[in-house]
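Asks: Build me a model:
(one chain, ligands or ions: 2)
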Amino acid sequence: MDSKEKKTAVWICQGCDVGKSLDLEALEKLATDEGEADLCQSHPCLCGDDGVEAIKQEIGRGANSLVIAACSPRFNTDTFTFDGCLTTRVDLRELVVWSHPANDEDTQMLAEDYLRMGLARAKKAQVPEPYQTEVDKTILVVGGGTSGMTAALEAAKAGYDVVLVEKEPQLGGRLRDFGRLFPKKPPYREPQPTDIEARVAEIEQQERITVYLGAAIEQINGQPGQFKVSVQVDGTSTECQAGAVIQATGWKPYDASKLGHLGSGLANVISNVEMEKLTAAGKITRPSDGKPARRIVFIQCAGSRDEDHLPYCSAVCCRVTLKQALWARELDGDTEAYVLYKDIRAPGQYEDFYRRAQEDPGIFFTKGEVVKVEETGDGSLLVDVEDTLIDKLIQVEADLVVLATGMVPVAADSEAIRQFRDAQAVIEKGEAGAQLEAAKVTVEELKRHEGTDILHLGYRQGPDLPALKYDFPDSHFICFPYETRRTGIYAAGCVRAPNDTDVCREDAAGAALKAIQCVELASRGLTVHPRWEDASYPDFALQRCTQCKRCTEECPFGTLNEDEKGTPELNVTRCRRCGICMGACPERIISFKDYSVEIVSSMIKAVEVPDEFEEKPRLLGLLCENDAYPALDMAGLNRIQHSAWIRFIPVRCLGAVNVVWIADALSKGFDGVLLVGCKSGDDYQCHYIRGSELMGTRGDNIREKLNALALEEERVRVEQLSISEYRKLPQLINEFAEEIEEIGMNPFKGF
Ligand code: SF4
Ligand code: SF4
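Replies: Ligands and ions are numbered 1, 2, ... in the order given. Predicted structure coming up:
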């Protein structure tokens with residue numbers, strides 16, 4: 001639909017204080033005269049049945065571009081979405097009348113500017129058309145342990161074909177080494193038998209599941225809905241197709257050999273994984289001489305919650321110790337179990353399980369720090385503990401020490417692997433020292449990742465899932481559970497976070513649902529979370545591409561491959577429609593049908609900037625639609641007032657801000673630009689992983705523009721906040737407005 005074919009109808013809602021706070025006649029006149037809309041009407045309650053019916057009638061008369069000037073676009077979204085029509089929302093409620101004084105000249109100017117911006121967007125934007133392509137809905141599950149088997153079963157029961165790839169010759173994973181599971185039902189005191197054989201039998205009976213045992217992924221190419229998978233089974237390659245992938249490759253125990261200070265290496269010091277095998281075998285003996293072990297010391301957090309080892313808590317080790325101590329007592333009533341802990345973590349109903357162990361007269365709990373573990377001569381051990389409850393050093397004699405080691409994900413970090421390969425190349429050239437030092441990596445650190453590739457992705461950005469700080473390839477545990485930084489590839493179970501089997505099963509069901517959502521949305525040409533069901537996708541005008549590679553490097557989801565010259569190759573179903581590539585592209589050749597550099601520029605230019613003599617500064621606010629814009633909405637809902645000098649435009653992500661918008665605003669005469677995005681860093685909340693961070697790194701570019709225009713750097717400010725900080729946002733806006741007033745008017749006004 002080009003602008004000539006557009007018939008634009010503007011509707012202004014009088015409800016929710018809008019009608020009594022603004023001069024609606026003036027707004028209507030602006031829409032039809034200055035904005036050249038074909039029609040503008042106001043309605044007492046636009047979201048009601050009458051209002052919607054009136055809009056539909058107008059659509060019936062040919063209107064295909066609707067400007068709805070009413071509440072925030074976050075409300076009544078479905079109500080104001082009509083097939084085949086472009087809807088532009090102008091927020092007169094939260095951003096204008098609920099956050100500014102009624103019937104005030106500046107409030108009216110604000111409403112008029114928002115309407116101008118909406119009309120500008122309505123002129124340029126197009127209705128996105130879904131990207132239609134052939135989609136295979138098979139789900140590939142990598143890993144046949146608890147999580148992998150559950151994900152496969154859940155997907156199959158939901159009616160999807162599944163290919164399950166397991167590297168071992170049998171299904172079951174680590175659960176095969178477990179004798180018992182934690183209690184699962186009230187009164188939460190009795191451990192349960194494992195149900196592994198029943199699960200395996202269920203898989204075998206499921207016609208929809210194809211299982212490859214003793215198999216590994218050789219290569220995965222393509223994109224969601226169209227993954228081409230090569231599986232190696234017994235030395236031969238088998239090809240299959242998949243629409244989405246679930247990685248459930250589980251965990252491995254932390255390397256106990258690093259815990260020399262806790263006695264690791266001594267004959268009768270074992271890990272909790274080894275203890276599980278002993279208990280399951282029904283006899284707990286000392287490895288040194290096979291004599292019964294009747295004094296067993298469990299050292300909790302062995303290498304966990306420790307900055308020198310695993311800084312995190314593995315969530316299950318305390319309960320594993322409770323289970324093993326009770327079991328050891330059950331096997332031999334003369335056994336004494338000593339549990340040395342920092343804290344006992346038994347969440348939820350497991351408090352009852354902990355209580356049961358406390359009630360056992362042969363289990364003793366001591367809170368403290370283990371100072372040393374040494375042999376006494378006959379293979380017995382002496383454990384020195386700084387008891388932090390009585391503030392005294394105590395000694396415990398033991399036949400066997402069990403180190404409650406934590407869980408490490410069986411995952412690969414493509415970035416680390418890339419570094420590893422680069423380092424290897426450097427070492428081969430004999431230049432290791434200086435370059436590795438410069439890269440701040442050690443060969444030992446990098447060697448951890450040697451040979452750990454799992455998915456073998458044919459992605460320009462690397463062969464595996466990028467990982468978070470502790471090598472878990474999750475994307476964000478609160479906002480996007482099960483998601484990874486590769487669209488259509490989900491993580492389930494202990495590869496995502498340390499978990500018990502129940503949580504792993506929940507995880508697996510969640511990941512299976514995400515995988516199903518992905519293939520279903522891909523089949524309709526729509527994107528996945530967080531821009532759920534968005535039909536738009538980036539279009540690259542490649543004839544003007546300079547192969548600068550910024551888009552491929554900055555895309556957080558590995559959407560873009562490159563040809564040999566460095567020209568980006570788009571894989572549409574990998575794309576999450578964040579717009580970061582659009583923000584990055586210096587040539588401004590990437591655009592979406594309903595969101596582009598040109599559309600936002602036209603909105604900025606539509607604002608009426610008063611001349612310097614009117615002493616009414618104008619500020620531009622670019623707010624991330626994920627946290628910052630909703631925070632402003634919340635502030636409006638709470639009737640918190642903010643400066644009337646500022647005009648806001650929501651952006652898909654702060655990383656989607658093209659620096660040219662800032663230049664446009666300042667050249668137009670805006671006095672300052674405020675950019676607000678989600679939090680970055682280790683605990684990032686950015687919905688597109690690195691968007692806020694990228695805006696920070698584009699700061700140099702912004703400074704360059706300001707210097708070129710001979711403007712003060714303070715005129716552009718970048719802030720980060722979360723949605724819960726909505727009370728802070730109006731304060732921040734007001735402070736920025738005051739600061740800009742102090743700096744003075746932009747000398748470009750009136751040009
Ligand atoms: S819109 Fe986002 S996910 Fe899609 S290609 Fe651009 S940067 Fe990548
Ligand atoms: S950022 Fe723009 S110019 Fe650079 S490679 Fe990507 S599309 Fe081409």
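Asks: helices and strands around whichever strand or helix holds residue 141, which ones?
Replies: Here residue 141, judged by DSSP states H and E, is contained in strand 139-142. Secondary-structure packing of strand 139-142 (3 or more CB pairs under 8 Å, 6 or more residues apart in numbering; DSSP states H and E): helix 146-157, strand 162-165, strand 236-242, strand 244-247, helix 501-523. From N, CA and C alone the C-beta is placed, and that goes for glycine too.
Asks: Is it possible to get a markdown table of those that adds distance to ligand 1 and mean neighbour count?
Replies: Formatted as a markdown table, the helices and strands packed on strand 139-142 follow (distance: least, CB to the nearest ligand atom, whole Å; neighbours: other CB atoms under 10 Å):
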| stretch | distance to ligand 1 | mean neighbour count |
| --- | --- | --- |
| helix 146-157 | 25 | 28 |
| strand 162-165 | 26 | 26 |
| strand 236-242 | 20 | 15 |
| strand 244-247 | 17 | 31 |
| helix 501-523 | 14 | 23 |
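Asks: Compile the ones you listed into TSV and extend it with columns for mean pLDDT and distance to residue 453.
Replies: Shown next, in TSV, are these (pLDDT from 0 to 100; distance: least, CB to CB, whole Å):
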stretch	mean pLDDT	distance to residue 453
helix 146-157	98	18
strand 162-165	98	14
strand 236-242	96	16
strand 244-247	98	12
helix 501-523	96	21
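Asks: In PDB, list the C-alpha atoms belonging to stretch 136-144.
Replies: The C-alpha coordinates for stretch 136-144 follow below in PDB (Å, rounded to 0.1, in the frame of the first residue of the first chain):
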ATOM      1  CA  ASP A 136       9.100 -28.700   9.000                       C
ATOM      2  CA  LYS A 137       7.500 -29.100  12.400                       C
ATOM      3  CA  THR A 138       9.800 -31.900  13.700                       C
ATOM      4  CA  ILE A 139      11.400 -31.200  17.000                       C
ATOM      5  CA  LEU A 140      15.000 -32.300  17.400                       C
ATOM      6  CA  VAL A 141      16.000 -33.100  21.000                       C
ATOM      7  CA  VAL A 142      19.700 -33.400  21.800                       C
ATOM      8  CA  GLY A 143      20.300 -35.400  25.000                       C
ATOM      9  CA  GLY A 144      18.400 -38.400  26.200                       C
END
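Asks: Distance from it to the middle of the chain?
Replies: On the basis of CA atoms, centre = their mean, to the nearest Å, stretch 136-144 sits 21 Å off its chain's mean C-alpha point.
Asks: Mind giving me the packing neighbours of the lengthiest strand in the chain?
Replies: In the chain, assigned by DSSP state E, the strand with the most residues is strand 363-375. Applying 3+ CB pairs under 8 Å, 6+ apart, we find strand 363-375 packed against helix 317-331, strand 336-341, helix 350-359, strand 381-387, strand 392-398.
Asks: Quick check: which of these is nearest to ligand 2?
Replies: Closest of those to ligand 2 is helix 317-331, at 47.0 Å (criterion: CB to the nearest ligand atom).
Asks: any idea how far residue 89 is from residue 345?
Replies: Computed as CB to CB, to the nearest Å, the residue 89 to residue 345 distance reads 47 Å.
Asks: quick one: which of the two has more around it?
Replies: Each of residue 89 and residue 345 has its neighbours counted (other CB atoms under 10 Å); residue 89 has more, 22 against 18.
Asks: Quick check: chain neighbours aside, which residue is closest to the more buried one?
Replies: Spatial nearest neighbour of residue 89, chain neighbours left out: residue 73 (3.7 Å); criterion: CB to CB, 6 or more residues apart in numbering.
Asks: Tell me which stretches of the stretch 51-200 of the chain form helices.
Replies: For the stretch 51-200 of the chain, applying DSSP state H, counting those that start in this stretch gives helices covering 105-124, 146-157, 196-205.
Asks: what residues are up against residue 37?
Replies: Residues in contact with residue 37 (CB atoms under 8 Å, 6 or more residues apart in numbering) are 8-10, 31, 67, 119, 122.
Asks: which bits of this structure sit near ligand 2?
Replies: 540, 545-551, 568, 584-585, 587, 589-590 (CB under 6 Å from any ligand atom).
Asks: what do you get if the cut-off is 8 Å, keeping everything else the same?
Replies: With CB under 8 Å from any ligand atom as the criterion, the chain meets ligand 2 at residues 540, 542, 544-552, 560, 566-568, 581, 584-590.
Asks: Contacting ligand 1 as well, which ones from those?
Replies: Answer for these near ligand 1 (CB under 8 Å from any ligand atom): 551, 560, 581, 584, 590.
Asks: about what we covered before: what does the longest strand of the chain contact?
Replies: With CB under 8 Å, 6+ apart, strand 363-375 has contacts from 261-263, 266-269, 299, 325-326, 329, 336-344, 357-358, 381-389, 393-394, 396, 401.
Asks: Can you select the buried ones among those residues for me in ChimeraX?
Replies: ChimeraX command restricting the contacts of strand 363-375 to the buried ones, with burial defined by 16 or more other CB atoms under 10 Å:
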select :262,263,266,268,269,299,325,326,329,336,337,338,339,340,341,342,344,357,381,382,383,385,396,401
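Asks: thought residue 43 was touching residue 54?
Replies: Yes: the pair residue 43 / residue 54 is scored as a contact, 6.2 Å apart, by CB atoms under 8 Å.
Asks: shared neighbours, those two?
Replies: residue 11.
Asks: Between these two, which is the more surrounded one?
Replies: residue 43 (19 against 16).
Asks: ok so, going back, quick one: buried ones out of the residues of the chain next to ligand 2?
Replies: 540, 545, 549-552, 560, 567-568, 581, 584-585, 589-590.
Asks: can you redo those as TSV with distance to residue 534?
Replies: Converted to TSV, those look like this (distance: CB to CB, whole Å):
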residue	distance to residue 534
540	18
545	24
549	26
550	23
551	19
552	21
560	18
567	25
568	20
581	15
584	19
585	20
589	21
590	16
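Asks: Helices - which of those residues land there?
Replies: Using DSSP state H, the subset of these located in helices is 550-552, 581, 584.
Asks: Would you agree residue 301 falls within a strand?
Replies: Yes: according to DSSP: H, G, I helix; E, B strand; the rest coil, residue 301 belongs to a strand.
Asks: What are the phi and psi values at the closest residue to ligand 2 within the stretch 151-300 of the chain?
Replies: Closest approach between the stretch 151-300 of the chain and ligand 2, counting by CB to the nearest ligand atom: residue 223, at 18.1 Å. As for residue 223, its main-chain torsions (degrees, to the nearest 10) stand at phi -150, psi 170.
Asks: Show the pLDDT at the nearest residue to it once chain neighbours are set aside.
Replies: If the residues on either side of it in the chain are set aside, residue 223 comes closest to residue 571, at 4.0 Å by CB to CB, 6+ apart. pLDDT for residue 571: 97.
Asks: Wait, residue 571 touches residue 559, no?
Replies: Yes: with contact defined as CB under 8 Å, residue 571 counts as touching residue 559 (5.6 Å).
Asks: Run through the chain and note the low-pLDDT ranges.
Replies: 1-4, 414-451, 477, 750-751 (pLDDT under 70).
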